[in-house]
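Engineer: Quick one, structure for this:
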Amino acid sequence: MLALPPLLAFALIAAASSGVALLVLPLAQRLGQRLGMVDLPRPGEVQDRPLPRSGGYALYPAFFAGVLVAILTLPRYPDEWLRLAGLTLGALLILPLAYCDDRYRLPPWPQLAAQLLIALVATQFDIRIDRVSNPFGGTIPVPEELVIPLTMLWIVGMINTVNFADGVDGLAGGIGVIAATTLFLVSVLLGQYSIAALALALAGATLAFLRWNFFPARLILGTSGATLIGFLLATLSIIGGAKIATALMVLGLPIADVATVIGYRLLQRRSPFQGGDRAHLHHRLLALGLSQRQVVYLFYALCAGLGALAIALSAVGRHWGILAMAVVVAAVLAYVLPRSGRLISQGRALAGLGGRPEGRSTAQPSPVDGGAPAGSSRPRRAG
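Structural biologist: Residues are numbered from 1 along each chain as shown. A predicted model of the protein is given here:
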């Protein structure tokens, strides 16, 4: 191990993860085209060309290149190696799920079962939520019988939060960068440099991906990317401790969108995994007349603002930050939902407003939701 100064190590990690991503992203694009992992456009949609959904496969070598540099340049506590092994194994277990879904379009429930299995495997490597932060100071222990179920719920919930957001070019990847950067900065403030390095590797890889994914996209995440980003954000917020509240704050708006959409669909007596209703917040903002870029910038600004608040309050008291996050999210939803509901219910064409319906057309035209479970957001051609 070289044991470099942290700043130099961080620079090398960021360069390795982003540099490898830029090198392999063209290969991932060609891989998607060759294997038929392609989303097709349909009439009335802004997307006017097929898009490979294989961008997530480029994140793997990029992220682990950054991890390798981190291992070689920063000291690590002995108990971190077990968790790092669990993170690595969980990430690799995503690949068979991703390949099957990206190419053959799995139904929602097998995907959910696979996500639960991946989360369960992670818990066996001491990636567990055994205590939560007390907003008024200290921590609250989690009852032993709830530790594994709570951890699995957190991991699966984060996976699908990222995937629900993958409906507008650059949105899921961008909020992934913001969340990973926030976790990096909080870890640095806590003196957890080896943990910070992992979050930085994710941020660097995903930031490079945005060069291909920002509107107009040339490549999309697919199941491999959405699941990997969600899994890594969930596990990194557990490793080292004291960061679950941070992740909750920075992703408060996407999490609220997930809860709102699921509640809406249950009230309609529909499966929460069945999309096509344009009920997501990004669809509603498009219906109000915002462009795709404007929608993405709004999400970026809100998530970054909440992330900055989480960093600023990390040493003061997160209860004020969580309260502020709740107020901001409630205000956004209170403004958008009533104004967009009439347009959504009338089935106003989103294509004319710069948006796209929730699913993308393929030989299997029924729309399936972006968050249900990860990777189903964009229907695709079988085989």
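Engineer: What strand or helix carries the residue nearest the centre of the chain?
Structural biologist: Nearest to the geometric centre of the chain sits Val162, at 2.9 Å (C-alpha atoms, centre = their mean). Here Val162, judged by DSSP states H and E, is contained in helix 144-164.
Engineer: just to revisit the earlier point, what's near enough to touch the residue nearest to the centre of the chain?
Structural biologist: Ala172, Ile175, Gly176, Ala226, Thr227, Ile229, Gly230, Leu233, Pro254, Ala374 (C-beta atoms under 8 Å, 6 or more residues apart in numbering). Yep, even glycine has a C-beta here, placed from its N, CA and C like the rest.
Engineer: switch the cut-off to 7 Å
Structural biologist: Neighbour list for Val162: Ala172, Gly176, Ala226, Ile229, Gly230 [criterion: C-beta atoms under 7 Å, 6 or more residues apart in numbering].
Engineer: List the buried residues for stretch 207-220?
Structural biologist: For stretch 207-220, burial by neighbour count (16 or more other C-beta atoms under 10 Å) applies to Leu207, Ala208, Phe209, Leu210, Trp212, Asn213, Phe214, Ala217, Arg218, Leu219, Ile220.
Engineer: that older thread, could you point out the helix or strand that follows the helix holding Val162?
Structural biologist: Assigned by DSSP H and E, the successor of helix 144-164 is helix 171-189.
Engineer: pull the CA atoms of that following helix into CSV?
Structural biologist: C-alpha atoms of helix 171-189 as CSV (Å, rounded to 0.1, in the frame of the first residue of the first chain):
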residue,chain,number,x,y,z
LEU,A,171,-32.1,12.5,-13.9
ALA,A,172,-31.3,9.2,-12.1
GLY,A,173,-27.5,9.5,-12.8
GLY,A,174,-27.5,13.1,-11.7
ILE,A,175,-29.1,12.6,-8.4
GLY,A,176,-26.8,9.6,-7.9
VAL,A,177,-23.8,11.9,-8.4
ILE,A,178,-25.2,14.4,-5.9
ALA,A,179,-26.0,11.7,-3.3
ALA,A,180,-22.7,10.0,-3.6
THR,A,181,-20.8,13.4,-3.4
THR,A,182,-22.8,14.3,-0.3
LEU,A,183,-21.9,10.9,1.3
PHE,A,184,-18.2,11.5,0.4
LEU,A,185,-18.1,15.0,2.0
VAL,A,186,-19.9,13.8,5.2
SER,A,187,-17.5,10.9,5.5
VAL,A,188,-14.5,13.2,5.0
LEU,A,189,-15.9,15.5,7.8
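Engineer: show me where the protein has helices.
Structural biologist: With helices called from DSSP state H, the chain shows them at 6-35, 56-73, 80-104, 108-123, 144-164, 171-189, 193-213, 222-238, 244-250, 252-267, 281-287, 292-312, 318-345.
Engineer: between the second one and helix 171-189, how many degrees?
Structural biologist: Here the directions of helix 56-73 and helix 171-189 differ by 10 degrees (axes from the mean of the first three to the mean of the last three C-alpha atoms, to 10 degrees).
Engineer: quick check: mean pLDDT across helix 56-73?
Structural biologist: Throughout helix 56-73, pLDDT has a mean value of 97.
Engineer: Same question for the longest one.
Structural biologist: Averaged across helix 6-35, pLDDT comes to 96.
Engineer: ok, and for that helix, which residues are buried?
Structural biologist: 9-10, 12-14, 16-22, 24-25, 28-29, 32.
Engineer: Check the fourth one too.
Structural biologist: Of the residues in helix 108-123, those with enough neighbours to count as buried (16+ other C-beta under 10 Å) are Pro108, Gln111, Leu112, Ala114, Gln115, Ile118, Ala119, Leu120, Ala122, Thr123.
Engineer: any chance of those in a markdown table, plus pLDDT?
Structural biologist: Shown next, in a markdown table, are the buried residues of helix 108-123 (pLDDT from 0 to 100):
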| residue | pLDDT |
| --- | --- |
| Pro108 | 88 |
| Gln111 | 93 |
| Leu112 | 94 |
| Ala114 | 96 |
| Gln115 | 97 |
| Ile118 | 98 |
| Ala119 | 98 |
| Leu120 | 98 |
| Ala122 | 97 |
| Thr123 | 97 |
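Engineer: Closest one of those to Arg339?
Structural biologist: Pro108 (30.1 Å; C-beta to C-beta).
Engineer: To Asn134, which of the helices of the chain lies closest?
Structural biologist: Smallest distance to Asn134 across those (C-beta to C-beta): 8.6 Å, for helix 318-345.
Engineer: what's the average pLDDT for the closest one?
Structural biologist: For helix 318-345, mean pLDDT is 72.
Engineer: Now do stretch 164-174: distance from first to last residue.
Structural biologist: 13 Å (C-alpha to C-alpha, to the nearest Å).
Engineer: One more: stretch 185-199?
Structural biologist: Stretch 185-199 has an end-to-end distance of 9 Å (criterion: C-alpha to C-alpha).
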